[in-house]
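Visitor: Just need the structure, nothing else, for what follows:
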Amino acid sequence: MISSALKPAVTRIIEPVARFALKIGITPNLVTIFGATGVLLSAAFFYPREEFFVGTLLISFFALSDLIDGTMARLSNKGASAWGGFLDSTIDRITDSSIIIAVLISLIQSNDKLSYLGLITLVTGLLIPYIRAKAESFGIDCAIGIAERTERLVIILTAIGLEGLHLPYALAAGLWVLSILGIITVIQRIRVVRNGLLAQ
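Guide: This next block holds a predicted model:
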């Protein structure tokens, strides 16, 4: 997994920033809301105008808040709260969907048939975390899949950014890969839940 392979290196970079933010009184939830607002506004403004490269740069910057807020919660004296975890998870769904929806608006305006792949990507992106949450309500660990959130976010932002640099078929390739990996991940998680329920 990308997230597992890069986590140690990223943590070393993020921790000093997280410690400084806590020192000056910034809360993890505030960072979460700030980052989400930046992602939403950047996607809504730039992607429908097909300004993909600039939009992706800004979204990538604001998306870093998702790494910082979790580290802040871990480092703080209070630790991670149930409300903070819920807020972060909910906002993740909103920001991920907003990126796809903003691209979809551009594709639909252009009558581009890639919009169908965008819809598949949107639906699987919502199903993957839902299945995990539902599985955990049954006491089943379902943190598996060929494409979890970090992988999906890297793929779509890379594809959109390269499309902004006019690399041929970049967005098409990214949406195809994301759609296929999303469907596979949904199937993997459904199988895990099925096997877990049958074993109970």
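
Visitor: so how far is residue 50 from residue 166?
Guide: Distance, residue 166 to residue 50, using C-beta to C-beta, to the nearest Å: 11 Å. All C-beta spots, glycine's among them, are computed from the backbone N, C-alpha and C.

Visitor: likewise residue 174?
Guide: For residue 174 relative to residue 50 (C-beta to C-beta), the value is 15 Å.

Visitor: Give me the more crowded residue out of these two.
Guide: Between residue 174 and residue 50, counting by other C-beta atoms under 10 Å, residue 174 is the more crowded of the two (23 against 15).

Visitor: any idea of the pLDDT on that one?
Guide: Per-residue pLDDT puts residue 174 at 97.

Visitor: Please list all residues in contact with it.
Guide: By C-beta atoms under 8 Å, 6 or more residues apart in numbering, the contact list for residue 174 reads 155, 156, 158, 159, 160, 162, 163.

Visitor: Report the spatially nearest residue to it, omitting neighbours in sequence.
Guide: Spatially, and ignoring its direct neighbours in sequence, residue 174 is nearest to residue 159 (2.2 Å; C-beta to C-beta, 6 or more residues apart in numbering).

Visitor: same thing with residue 120?
Guide: With C-beta to C-beta, 6+ apart, the residue lying closest to residue 120 is residue 179, at 4.4 Å.

Visitor: Neighbours of residue 110, how many?
Guide: 11.

Visitor: where does it land on pLDDT?
Guide: For residue 110, the model assigns a pLDDT of 94.

Visitor: Same question for residue 11.
Guide: Looking at residue 11, its pLDDT reads 68.

Visitor: And for residue 4?
Guide: What the model reports as pLDDT for residue 4 is 54.

Visitor: didn't residue 193 look like it was pressed against residue 132?
Guide: No - using C-beta atoms under 8 Å, residue 193 makes no contact with residue 132, being 9.0 Å away.
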